[in-house]
Every structure is written in C-alpha cells, then in structure tokens.
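Attaching a predicted model along with its sequence, questions to come.
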Amino acid sequence: MPRKKKAAGRKRGRATLHDVAAEAGVSIATVSYVLNDSGSISAEVRKKVRKTAEKLGYRQNRAARAMKMGRSDIIGLVIPNIENPFFATLAQAVLLECRRHDLQVFLVDTEGSHETELKAMQGLVQQGVDGIIVFPIDDTEFGAGKGADVPVVVLDRDSPDRDLVQAEYAEGGRLLADHLVNLGHRRFGVLEGPQSVISARERSEGFARAVGRKGRIVWREEHPFSMTLTRAAEERLRKNEVTAVVCGNDLIAMGAMQYLDELGLDVPGDVSVVGFDDIEFSQVVTPPLTTIRLPTAQMGVEAVNLLTRRLQGDGVQAARSRVVLDVELMVRSSSGPA
C-alpha cells in the first residue's frame, strides 16, 4: 500500500519573522518595523501583520529586541516583605498597570535586609531593566536608590532627587486623633512604627499634634511593623493605663488586640485599638479594625505612570515629581466610647 504524503506547510516549532512575513505576504523588514512600532507602514498592513503574528503564535525575542532598541521593556519592583498584605496589594497593582503598558516586572523581596536591597538594585541594573520602583526598608541614603543609572521611583519613603509617591500620613494621624477625642478618650498609648521610616514618624507625629491639649499621650513605644509584639509592647498593654491604643499599622494593631484578649480585656469595651493602612484582613478580624485607608493600589499605579513618563522621554536627569495621595478614616468596631 502506498504511503500517504504528509501535508505541506510550515514545520512545527516556534514561529519566526520569516514565517510571519511569508504568511502575510510582506518582507521581513516590514514585519520587523510593525512589531517594533517603527517605520512608515500603513495601518492596513500593520493590522494584517499583527493578526498574522498572533495566528502563528509568534513571540518576539526580548533579549534580541533589547539589544537592538536599547530597551528591555522590563522593570524592577523592590519591596521589603511580600508576606505583608500591604505589599502584596501594592505588587499586584504594579503588575496589572505594567501589563497595561506592555511591561514585564522583575519582583524582588528584600526580606527587610539592607544588604539584599543593595544587591537587588545593583542586580536589576546589571540585568538591563529599564527602570526600578522601590519601596525602601527605611530612610537610609541607599534606600532612595542612590547610584542607580536607570530611572527610579521611590514609594513611601523620602528622597531628595527621585520621583516619589507618598500619602498624607500626618493627616491620617490627625483623623485618628479627632475620632478618638470625639469618643471621649483622653489617655492614649502609641505603638508607633520604626522611627527610621519617615511615614511612621509622620503618622505618630500627626496624631500627637492633633491631640495637643485635648488629651495626654501616656506612653509611646517604637515597634516593628509586625503582629508579633515585643516584650516592651506587652508590658505597656499589661499595665492597662490608657483607654485607646494607636498603632503604627494594622499588623501591630492586630497583635495588640490579640494580646489584650489574652489579658481578658475587651476591645473596645475596656480599650479601643486603631491601626493604619487598611489591609484586607482589617475588615475580618474580631472586632473589625478602625484604621486609616491608604490608597495602596493607586500608589502602585502612580509609580508605574511616573516611571513610564521617564521611559518615554523625560529622562533620568529631569526634575523630580512628587505625588501625594489622600487617606481616609475607616470607622469600625475596634473603637468605641471611653
């Protein structure tokens, strides 16, 4: 019996520029111009080439394109701790916005290590990223991206010569103070975040200024942004000297509520507890947490927009931009009358 002839056609495997050109009936140069958004090609031909490339499953070689175009279309995102729900929300927002701009993201979790942060910034530049969005561990000089020769956008922290995206942290402190004073509270304890971080300082200082002579801050205790309370924090809470505890972020507040429950104290019956950030878990803890809502996702979107403006022509040397976003008081069940 004679063998059946195999159907003629393109060999199976990854589609090439030649394949796209042959299928579309144009030159390889035309395909290259279309896929790289260059050249004087008509809209009709561009549409035909892109449709053909999609049909054949053609994927551009980013490394080769980067060498030719001087861009990789990849940015770096450096954050301190992906396990913190705040940073998970932020990272997701950056990823989604980058997808809209057809950018890839190289995510690095520094795990709170300055050494890892430094290596991450250096490594991303060496890998050829077009720019970096960084949420530094604290306000140290390197944390602002010193030495990077690509555009850098800084989140939350301060930097004299980098594009910044921040929130009205001091205003958040004021909103918490007004809320608690209006509930009749006059004796406060503050579990403030690390004072090496400008946003933590602004939160607690904004609260202190707003309280003024309306009440008294009985104690202030510096604390990591973590649910695991320090011994000093536990000792403060155990003395039960205040009617309201103001926390540097929601994780600290959740740890405080858990410990107060272990002590047999009711929140908010015996003591009110408020946080900062409004992470997703704030609404599902018992009792739901009164907190300051940060525009976390919007911070990520604004950071990507600032970076893309640089990549589209503003350049590394242009004057910096600073975006400051509003915050909002979210009143829930963890705060009540004194």
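Nice, I can see it.

any idea whether residue 196 is helix, strand or coil?
Classification of residue 196 using DSSP: H, G, I helix; E, B strand; the rest coil returns coil.

where do the strands sit along this protein?
Assigned by DSSP state E, the strands in the chain fall at 74-79, 104-109, 131-134, 152-155, 163-167, 187-192, 216-222, 244-247, 272-274, 291-293, 322-325, 328-330.

now the ones you listed in a markdown table, with distance to residue 119?
Backbone N, C-alpha and C define where each C-beta goes, glycine included. Formatted as a markdown table, the strands of the chain follow (distance: least, Cβ to Cβ, whole Å):
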| stretch | distance to residue 119 |
| --- | --- |
| strand 74-79 | 10 |
| strand 104-109 | 9 |
| strand 131-134 | 13 |
| strand 152-155 | 16 |
| strand 163-167 | 23 |
| strand 187-192 | 30 |
| strand 216-222 | 27 |
| strand 244-247 | 32 |
| strand 272-274 | 37 |
| strand 291-293 | 33 |
| strand 322-325 | 28 |
| strand 328-330 | 37 |
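
out of these, nearest to residue 199?
strand 163-167 (7.2 Å; Cβ to Cβ).

Looking at the strands of the chain, which one is packed in the most?
strand 244-247 (a mean of 29; mean count of other Cβ atoms under 10 Å).

gap between that one and the chain center?
Chain-centre distance of strand 244-247: 25 Å, with Cα atoms, centre = their mean, to the nearest Å.

what does it contact?
Under the criterion Cβ atoms under 8 Å, 6 or more residues apart in numbering, residues 176, 180, 183, 185, 187-191, 204, 207, 223, 237, 253, 256, 271-276, 335, 338 lie in contact with strand 244-247.

measure the closest residue to residue 137 other than its chain neighbours to residue 88 for me?
Excluding its sequence neighbours, the residue lying closest to residue 137 (Cβ to Cβ, 6 or more residues apart in numbering) is residue 80, at 5.1 Å. Here the distance between residue 80 and residue 88 works out to 12 Å (Cβ to Cβ, to the nearest Å).

Give me the more crowded residue out of the two.
residue 80 (24 against 16; other Cβ atoms under 10 Å).

Show the contacting residues for that one.
Residue 80 makes contact with 87, 109, 110, 111, 112, 117, 135, 136, 137, according to Cβ under 8 Å, 6+ apart.

again, only this time at 7 Å
Contact analysis of residue 80 by Cβ atoms under 7 Å, 6 or more residues apart in numbering lists 87, 110, 112, 135, 137.

Could you tell me which of those count as buried?
With burial judged by 16 or more other Cβ atoms under 10 Å, the buried subset of the contacts of residue 80 is 87, 110, 135, 137.

Mind checking which of the residues you listed land in helices?
Assignment to helices by DSSP state H places the following of those there: residue 87.

biggest separation within the buried ones among the contacts of residue 80, which pair?
Maximum pairwise distance in the buried ones among the contacts of residue 80, criterion Cβ to Cβ, is 11.7 Å, between 87 and 137.

gap between the residue nearest to residue 311 when sequence neighbours are not counted and residue 96?
Once flanking residues are discounted, residue 311 sits nearest to residue 130: 5.5 Å by Cβ to Cβ, 6+ apart. Per Cβ to Cβ, residue 130 is found 18 Å from residue 96.

So which of those two has more stuff around it?
The residue with more neighbours, out of residue 130 and residue 96, is residue 130; 20 against 14, by other Cβ under 10 Å.

All set now, cheers.
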